Structure formats: C-alpha cells, structure tokens
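[1] Attaching a predicted model along with its sequence, questions to come.
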Amino acid sequence: MNPIHSKILGLFLGLTFLSASAQAMTSFSKDGFDITVEPVVGYQFTHSGASSGTGMLIYGARVTAGSKLLSAEAEYTHGSNTTVTGSPEQTIKTDQDAAKLGLLSSPSLTNWLNFLARAGGQASRQKVVTTQSGTSTTDDGKWDLDPYAGVGLQGALGSQISLNAEVTYVVDDWSHWNKNDIQTTFSVKMNVNAF
C-alpha cells in the first residue's frame, strides 16, 4: 500500500473511532421518526483527466430527519489539499467547502446491515492559494451548484453504534464525465437511546 494511502486510512480510522468514543453522534427516535447528527470523515478524488486527478481529506457533519425508508439529509464538509509542482517550485493550497441537501433511504438488508441510497444537490466553493518565489495569489472561487447521487452500507456494531461506508458521485461537468468528483466517506452513528 502507498505510504500516503496508509496514512490517510490510519487517519480515517482514528477519527472515526475518536468520534465514536466522544459520542459526537446523537440519534433520537420516536414512533419510527428519527433525527440523527453524525460526524463524517472521508476522501474526495477529483479527476483532472482520464487517468489522473487530485485527492483531499474531507470532514464534517450530517443531519438526517425522517424514517429508514426516506429521510431528508443536510451535510457540510470541509477539505484541504496542498501540492508542490514545477520548477521553479510552486505550492498550491486548495480549501473546499461543500453543503449537501437531499434525500436518504436506508432499508434493512439484515438485522445488522442496511443499504444506503442518497441523492440531492451540492453547493461547493474552492479557495486556491498559489505561492511561487515568495509571492502568493488567492482565488476565492465561486459557489457551484451540482447534483449528487450515492450508495453505501451501514453495519450495526451492537445496539449502540453503526458504521457507514459510502461512495458519492458529484456531477461537476455533464460533458466530461471523467472530470467529476468521487467522494468516499465513513461515518459513525451512536444511538444514545440504547444506553
């Protein structure tokens, strides 16, 4: 495994279990209606060509309200990436903020495993700071609105904790499918009513 990928995986797992141990997620249920808040940690890969692209760690939170069959979801994530290129050396720091609003369905496959499907719209903005020869330029970017769709699995670890693993596709460019964003995220759900 690539050393960078192993570091990212270690960071994912550490943040995921830290979130669970800190009880950062809460879930409240009444008569089949749930309101859930959960931390989200993931990795976003943005294609810049047929075989290349850039990646960044993303983190944030998601709120859902509704039933297992259909819930409304709102999610906010922030990501950051720094790359060094060229000669003379050029440093490019990218910060991305993204807010999603959509629908989530999580029907049960077994007693401990749920299928996840989500779709909606995302508003995102990238701020790019380029530094070369001691001079920096900043592009604050503009907010873009794009549709997204994703699938995943949610596995229960006892009655209190569930782990989610998801892949979400964000359509940035309808004419160049190889330049759209792929987000892989992990999250932890903790049901405080079960304690």
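    Now that the structure is in, tell me what you want to look at.
[2] in stretch 117-132, what counts as buried?
    Across stretch 117-132, burial judged by 16 or more other CB atoms under 10 Å covers Arg118, Ala119, Gly120, Gln122, Ser124, Gln126, Thr131. (C-beta placed from N, C-alpha, C; glycine too.)
[3] Now distance to Asp139, pLDDT and secondary structure too, for those, in TSV please.
    Compiled in TSV, the buried residues of stretch 117-132 are given as follows (distance: CB to CB, whole Å; pLDDT from 0 to 100; DSSP: H, G, I helix; E, B strand; the rest coil):
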residue	distance to Asp139	pLDDT	secondary structure
Arg118	30	96	strand
Ala119	30	97	strand
Gly120	27	97	strand
Gln122	20	95	strand
Ser124	14	90	strand
Gln126	8	86	strand
Thr131	13	87	strand
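[4] Max pairwise distance over these: which two?
    Ala119 and Thr131 (38.4 Å; CB to CB).
[5] rewinding a little: name the nearest of the buried residues of stretch 117-132 relative to Thr36.
    Checking those against Thr36 with CB to CB, the nearest one is Arg118 at 13.3 Å.
[6] Contact partners for the closest one?
    Glu73, Gly102, Leu103, Leu104, Ser105, Tyr148, Ala149, Gly150, Val151, Gly152, Glu166, Thr168 (CB atoms under 8 Å, 6 or more residues apart in numbering).
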